[in-house]
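> Okay, sequence plus prediction incoming.
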Amino acid sequence: MSKIAVIGSGTMGNGIAHVFAQNGSKVNLVDISSDALKKGLATISKNLDRMVAKEKIDAETKRATLDNISTHTSLTDGIQGIDVVIEAATENLEVKLDIFRNLDENCGPNTILATNTSSISITQIAAVTGRPDKVIGMHFMNPVPIMPLIEIIRGYSTSDATTDSIMKLSEKLGKTPVEVNDYPGFVANRILMPMINEAIETLFNGVAGVREIDTVMKLGMAHPMGPLELADFIGLDVCLSILNVMYDGFKNPKYAPSPLLINMVTAGKLGVKSGEGFYSYSESRKAEKV
Ligand code: NAI
């Protein structure tokens, strides 16, 4: 397996480091915050414990997985001798452009630079590097150790060789990669976010209540989670920002975020992470009707 660096040790970064390390890759996990690195490792360890308890892996696999991960607060230290970098830092354009300029300057010429961004243009990120053919989107789904899909996003200049090696690498992780082109929302969010937005509009228009809307979609459409519960899980601020990217990118009013969504984000009701969104959340994250 390739030697991997994962930039960002938050929700997604620690999951990405986990799956690579469990599949035999040496992983350098990099974050500007040593606290985030500690928390990331603790999450990986807890998730591995859960897998041991369910007899999906043994204790030796847990130990080997953790041994494959080293942590770094310096980007330049963390990317020495790396074949593939996967950036999973905060979803902020300037943060990502800075990281990619830095990666391009300090990584070997053959290193592939992937990003887990959910909404920023791969082509725009690639354009700040001198290797746009080696920049690609690798959009993992949350929670990474469980979800089988990786959306592989080709920027305007991504080469066939880069795409092939990232498709193969994803398969080695036991995941199913799907190749898509770089347009706002890619495929996953282009289809998911308008559905979530329509569910919010349905609530806003008084057609039905929160639980009723979610029940229709769960029991009627066989969705494992209702759209409003899913929006709470993703984060209402994240949903709003992805809708805005599609609204700006396509200039099409069908992507205009619901006024209710905008109001809730402005009021700090962000879903599970703030303790309240369409549902309120106790410590155990159990969904209750607001
Ligand atoms: P998060 O907020 O949990 O973690 C981000 C981490 O990046 C933090 O630990 C922060 O300290 C670190 N960071 C910030 N600037 C950095 C820098 N310059 N160098 C190194 N580390 C830095 O964010 P989350 O949710 O893990 O998202 C990461 C990326 O994954 C984003 O691009 C997001 O759009 C994408 N994504 C998120 C999903 C989700 O469900 N949370 C799903 C799919 C993609």
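Arrived safely, thanks for sending. Residues are numbered from 1 along each chain as shown.

> Enumerate the residues of this protein near the ligand.
Counting by Cβ under 6 Å from any ligand atom, the positions of the chain adjacent to the ligand are 7-13, 30-33, 36, 88-91, 95, 99, 116-118, 139, 142, 234. For the C-beta atoms, the positions are set from N, CA and C on the backbone; glycine is no exception.

> now these: which count as buried?
With neighbours counted using 16 or more other Cβ atoms under 10 Å, those contain these buried positions: 7-10, 12-13, 30-32, 36, 88-89, 91, 99, 116-118, 139, 234.

> Just the residues you listed: which are in strands?
Secondary-structure check on those using DSSP state E: residues within strands are 7, 30, 139.

> What residue, apart from its backbone neighbours, is nearest the last one spatially?
Spatially, and ignoring its direct neighbours in sequence, His139 is nearest to Glu151 (3.9 Å; Cβ to Cβ, 6 or more residues apart in numbering).

> Of all the residues in this protein, which one is nearest the ligand?
Of all residues in the chain, the one sitting closest to the ligand is Gly10 (1.9 Å; Cβ to the nearest ligand atom).

> Need phi/psi at that residue.
Main-chain torsions, Gly10, degrees, to the nearest 10: phi -80, psi -150.

> Let me know the distance separating the closest residue to it other than its chain neighbours from Val30.
Residue nearest to Gly10 in three dimensions, not counting chain neighbours: Ala36, with 6.2 Å by Cβ to Cβ, 6+ apart. Here Ala36 is placed at a distance of 10 Å from Val30 (Cβ to Cβ, to the nearest Å).

> what residues are shared contacts of these two?
Taking Cβ atoms under 8 Å, 6 or more residues apart in numbering as the contact rule, the neighbours common to Ala36 and Val30 are 8-9.

> can you pull out the helices in the stretch 1-150 of the chain?
Counting by DSSP state H, counting those that start in this stretch, the stretch 1-150 of the chain has helices at residues 11-22, 34-53, 59-67, 75-78, 93-106, 122-126.

> same check, this time on the stretch 151-290 of the chain
In chain order, the stretch 151-290 of the chain shows helices spanning 160-172, 188-204, 210-215, 221, 227-234, 236-250, 259-266, with DSSP H, counting those that start in this stretch as the criterion.

> Tell me where the chain is predicted with low confidence.
1, 283-290 (pLDDT under 70).

> Let's see that with 50 instead.
Per-residue confidence for the chain (pLDDT under 50) gives these ranges: 287, 289-290.

> Which segments of it make up each domain?
Recorded structural domains for the chain (assignment: automatic domain parsing) are 4-181, 188-289.

> CA atoms only for stretch 201-217, dumped as PDB, please.
Once non-C-alpha atoms are left out, stretch 201-217 reads as follows in PDB (Å, rounded to 0.1, in the frame of the first residue of the first chain):
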ATOM      1  CA  GLU A 201     -39.400  24.200   2.400                       C
ATOM      2  CA  THR A 202     -42.200  21.600   3.000                       C
ATOM      3  CA  LEU A 203     -41.800  22.300   6.800                       C
ATOM      4  CA  PHE A 204     -41.600  26.100   6.200                       C
ATOM      5  CA  ASN A 205     -44.800  26.000   4.100                       C
ATOM      6  CA  GLY A 206     -46.600  24.200   6.900                       C
ATOM      7  CA  VAL A 207     -47.400  21.100   4.800                       C
ATOM      8  CA  ALA A 208     -46.300  18.800   7.600                       C
ATOM      9  CA  GLY A 209     -44.300  18.600  10.800                       C
ATOM     10  CA  VAL A 210     -40.700  17.500  11.300                       C
ATOM     11  CA  ARG A 211     -41.400  14.000  12.300                       C
ATOM     12  CA  GLU A 212     -44.100  13.600   9.700                       C
ATOM     13  CA  ILE A 213     -41.800  14.700   6.800                       C
ATOM     14  CA  ASP A 214     -39.000  12.300   8.000                       C
ATOM     15  CA  THR A 215     -41.400   9.400   8.500                       C
ATOM     16  CA  VAL A 216     -42.800   9.800   4.900                       C
ATOM     17  CA  MET A 217     -39.300   9.600   3.500                       C
END
